[in-house]
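**Student:** Sequence and predicted structure below; questions after.
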Amino acid sequence: MKRLNDELTVSPQMPLDAVNDIAGAGFKTIVCNRPDNEDPGQPSFAEVEAKAKSLGLAAVFLPVASGNVSDADADAFAKVLSEAEKPVFAYCRSGTRCTILWSLASAGNLPVEDIVKTAAGAGYDMSPLAPRIAARS
């Protein structure tokens, strides 16, 4: 798990039983940015959602194809973040898609340098994305 700020933590794919740990850590919403069946053996969103709901968490499915994050995806992610009960736990295959979505969604709200620095602090290099983030500001 990599904390980007007080409201959002991103993560690579987790096993289904990790939802217990996510709930225990105080998260209120889980966001899945990974399409079902992207890799063999990954839990389906329906499985994650059922487990999350059984533990009192909200679950949101916002699948984004790897390497193909659109501005519309970022806008949808921004809307989810604005409406979700916090803190939010978002996951994809590696956490990178979630971080790209957050970076693009944060454009205009945070300076580009702060977005890139925050992502780097969590282990994600968003510097190649800086011009695109700036263009959305």
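**Tutor:** Yep, it's here.
**Student:** Okay, helices next: where are they in the protein?
**Tutor:** For the chain, the helices defined by DSSP state H cover 18-24, 45-54, 71-83, 96-106, 112-121, 130-136.
**Student:** Quick check: which of the ones you listed is buried the most?
**Tutor:** When those are scored by mean count of other Cβ atoms under 10 Å, the highest mean neighbour count falls to helix 96-106 (a mean of 26). All C-beta atoms are positioned from the backbone trio N, CA, C, and that covers glycine.
**Student:** what angle separates that one from helix 112-121?
**Tutor:** 160 degrees (axes from the mean of the first three to the mean of the last three Cα atoms, to 10 degrees).
**Student:** Show me what helix 96-106 packs onto, helices and strands only.
**Tutor:** Packing partners of helix 96-106 (3 or more Cβ pairs under 8 Å, 6 or more residues apart in numbering; DSSP states H and E): strand 8-11, helix 71-83, strand 88-91, helix 112-121, helix 130-136.
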